[in-house]
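*Asks:* Sequence below, structure please.
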Amino acid sequence: MGNSFTLSGRLEALLSSKKNQTEKKYAKFGRTQDMDDRGNLVAPDSFIFTPVPNHESSGFFGPYACGMNYKKLLHEHPVTIDENAGLLGSWMVMLLEYKKPLWNPDINYEHLHKEQKLYDIVHGIGGVHHFLPDYSLGLKLGFKGIKQKIKKYEKDGDSSKIEFYKGLNECVEGIFEYIKRHIQKARQVAADIKDIDKADNLLMLAEMNEELLKRPAKTFHEAVQWMAWYLVCGNMYNGGASAVGDIDRILKPYYDNDIEKGILTKEQAIFYICNFLIIDNAYCQIGGCDEFGKDNTNELSHVVLEAVHKMKIPASVCVRVHENIDEEFFRKAVKYLLEDRTGSPNFISDKAMVEGFIKNGYSKELAVSRVKCGCHWCAIPGKEYTLNDIVKINFVAVFDAAYKQMMEEQNKKASVNLLWQLFTKHLERAVAVTAQGMDFQIEHMHEVFPELLMDLLCHGPIEKGLDASNGGLEYINLCVDGAGLAVVADSFAALKERIEDKSQLNWQQIHDAIINNYEGYQEIFLMMKNSSHYGYGGTTADRFAVKIVNEFVKIVKKSPTPNGHNMIPGLFSWANTIPMGKAVGATANGRLAYRPISHGANPLPGFKDSGALTAMAKAVASVQCGYGNTVPIQLEINPITIKGENGIDNMVNFISVYLNKMGGTLMNINILDKEKILDAHSNPSKYPDLIVRVTGFCAYFALLSEDFRKLVVDRIINE
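*Replies:* Presented below is the predicted three-dimensional model:
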């Protein structure tokens, strides 16, 4: 190919196309995209998809109806070809978007509604994916092998499995047709363009993809292409394929083989990984170690890191840190975090995650195989159903229920001790109701919206004829996250200090202020707001935070769900801080009614004027749940504090100590110039390329709503 068709030039063109798509998203959807920056293209206004219902609600439910409508979507979905790409495949919409209603109204869970609302539980019923497919299994089989596997087990299955296999077959047939349409389109574009190099590239891609419909991938390029197809097609079903896992392990055999044969260069590998991550912002882990502590970092780990660095777009690549991590690799990851200022990569602890998961009764070998593949979560590839990051209990709503009960029971004298007793009682009920809801999900999700695309790359569903959500996988470990810790800890502390320790106020005075949202009670508002804060270090609020988390963990681990499924506690609010805040009135820490709750396990903004970075690390490390679910720390750091080589050294040391010594699990870090982010908040259009880590995900700051931009701005730390 000619010098004009270079890898760098092609990548520049692909990134320009992505920027154009980002502008189209803003033009079409405005600043409302409070979620991951996905790789989907904007569908033309002319594209209208109408699913075929099988229910009087106009919805479609069950394996065959979902598979049939997915196949229909793939048949009608526009096909696009980028002449600069190194991979075929693109996507615009998900079948999930057209599933209205999402849940079958005939499958009723009204018996749970009252308490789900009382405790503002994000219950997970109807929740999709958030576990990990096994991309290695898919690469081993190829699409033809998957089709043959379904045929084999379908033949031996009983009548109760017929509809499930029919749904799977519909999905695979749709995938084959979708790929063939891209192959045909690539040939058409090649015939129409005058640039010989670009035409030859498209013809080569068409030929390669024809082979991938016949057999598994053999080369690195083919393997990345195959993964890209699953990424595209899985996302077009319900978005689940973006959980990839340890990509440097999955692709290493192909990379090593091609490098040895001399048919692949490092620059080409970087280009193909860039293509893959442009197709979608996939959640990948790099680094880590085996069960004996041997470092897993390899040349491909560096390739993935270089790809993220080259692109400087929202990415979800995470470095797994351990005591024997390759120092050059670790330092490079931190260097790029500080230089690129895109919030990537983030960093997860091998030690805390492995030791925690073992406490659930699993082997170290299995715990090591559980890899980072979502906003804050890990999973065993293709073997574990988790509901990660889907189920959340609003601690603030639980506290509010306890507080209201105490103040309404006139026969009992109000006290912090009584409030704590009621809080634990309500927390027990919240966990119990949550457990019932997760059982309900497992009992019925397969009847509503089965995980058909994830089933293809899992161990068990095809063999058993059971959906992954319905017992098809070997392990079920259900994630239960608490949210709003700082608000509750600070509220308990404010009540204890102002009423019982210092006798400055009484219960009725504070209650009157709270029910009036502190209007007309400015002095009380300031007293409550300026009480001790969780995160400051050694305060009443710090002690309450630890006490709350210990109680939450004890309750969650006391027993499995009613149907016997293991639950794993964590602390993570994701993007629910705003809606969870809108569910609860004013609280005793001076938080006004319906304002956002605190972010994850972080202290509230302004918890400490100086030394905040170190204090926050100590605070979040002290409230880890300890069973293999993360309690992330979210840091916003001004770059002025971490300049030069010393800045890199200090950050490497800080991350290493936090994850290897202090017991921390996950670090999400933004490097943000305070003045720039404040200006961008007021004038987002001036900074279309500014990227921030909102929480477990990264996004363009200008596409976020005003409320979400404010959440990021309020968290900025200057140290």
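
*Asks:* what about the helices in the stretch 601-719 of the chain?
*Replies:* Secondary structure of the stretch 601-719 of the chain (DSSP state H, counting those that start in this stretch): helices at 612-621, 644-660, 674-682, 706-714.

*Asks:* Give the buried residues for the third one.
*Replies:* Neighbour-count burial for helix 674-682, with 16 or more other Cβ atoms under 10 Å as criterion, is recorded at 677, 680-681. Yep, even glycine has a C-beta here, placed from its N, CA and C like the rest.

*Asks:* Dump those residues into a markdown table; add distance to residue 124 and pLDDT as well.
*Replies:* Shown next, in a markdown table, are the buried residues of helix 674-682 (distance: Cβ to Cβ, whole Å; pLDDT from 0 to 100):
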| residue | distance to residue 124 | pLDDT |
| --- | --- | --- |
| 677 | 33 | 90 |
| 680 | 34 | 92 |
| 681 | 33 | 92 |
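
*Asks:* any chance of these in a markdown table, with distance to residue 37 too?
*Replies:* Formatted as a markdown table, the buried residues of helix 674-682 follow (distance: Cβ to Cβ, whole Å):
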| residue | distance to residue 37 |
| --- | --- |
| 677 | 17 |
| 680 | 16 |
| 681 | 18 |
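
*Asks:* Of these, which is the nearest to residue 294?
*Replies:* Distance to residue 294 across those (Cβ to Cβ) is lowest for residue 677, with 40.7 Å.

*Asks:* So the closest one sits against residue 711, correct?
*Replies:* No: between residue 677 and residue 711 there is no contact, the gap being 11.7 Å when judged by Cβ atoms under 8 Å.

*Asks:* what residues do those two have in common as contacts?
*Replies:* Here residue 677 and residue 711 share no contacting residue, scored by Cβ atoms under 8 Å, 6 or more residues apart in numbering.

*Asks:* Can you spell out which helices and strands pack onto the longest helix along the chain?
*Replies:* Counting residues, the longest helix found in the chain (DSSP state H) is helix 416-448. Contact here means 3 or more Cβ pairs under 8 Å, 6 or more residues apart in numbering; DSSP states H and E; on that basis helix 416-448 packs against helix 110-118, strand 392-394, helix 395-408, strand 475-483, helix 485-495, helix 540-558, strand 566-571.

*Asks:* one step back: tell me which of the buried residues of helix 674-682 is nearest to residue 398?
*Replies:* If you rank the buried residues of helix 674-682 by distance to residue 398 using Cβ to Cβ, residue 681 comes first, at 31.9 Å.

*Asks:* Pretty sure the closest one sits against residue 711.
*Replies:* No: using Cβ under 8 Å, residue 681 is not in contact with residue 711, being 10.4 Å away.

*Asks:* Could you find the closest non-adjacent residue to residue 708?
*Replies:* residue 34 (4.6 Å; Cβ to Cβ, 6 or more residues apart in numbering).

*Asks:* related to what we said a few turns ago, turn the helices and strands packed on helix 416-448 into CSV, columns for mean pLDDT, mean neighbour count and distance to residue 331.
*Replies:* Shown next, in CSV, are these (pLDDT from 0 to 100; neighbours: other Cβ atoms under 10 Å; distance: least, Cβ to Cβ, whole Å):
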stretch, mean pLDDT, mean neighbour count, distance to residue 331
helix 110-118, 98, 14, 47
strand 392-394, 98, 27, 36
helix 395-408, 97, 22, 38
strand 475-483, 98, 25, 32
helix 485-495, 98, 28, 33
helix 540-558, 98, 20, 33
strand 566-571, 98, 25, 29
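
*Asks:* I'd like these written out as JSON lines, with distance to residue 638 added.
*Replies:* Output for the helices and strands packed on helix 416-448, formatted as JSON lines (distance: least, Cβ to Cβ, whole Å):
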{"stretch": "helix 110-118", "distance to residue 638": "41"}
{"stretch": "strand 392-394", "distance to residue 638": "30"}
{"stretch": "helix 395-408", "distance to residue 638": "29"}
{"stretch": "strand 475-483", "distance to residue 638": "27"}
{"stretch": "helix 485-495", "distance to residue 638": "22"}
{"stretch": "helix 540-558", "distance to residue 638": "25"}
{"stretch": "strand 566-571", "distance to residue 638": "26"}
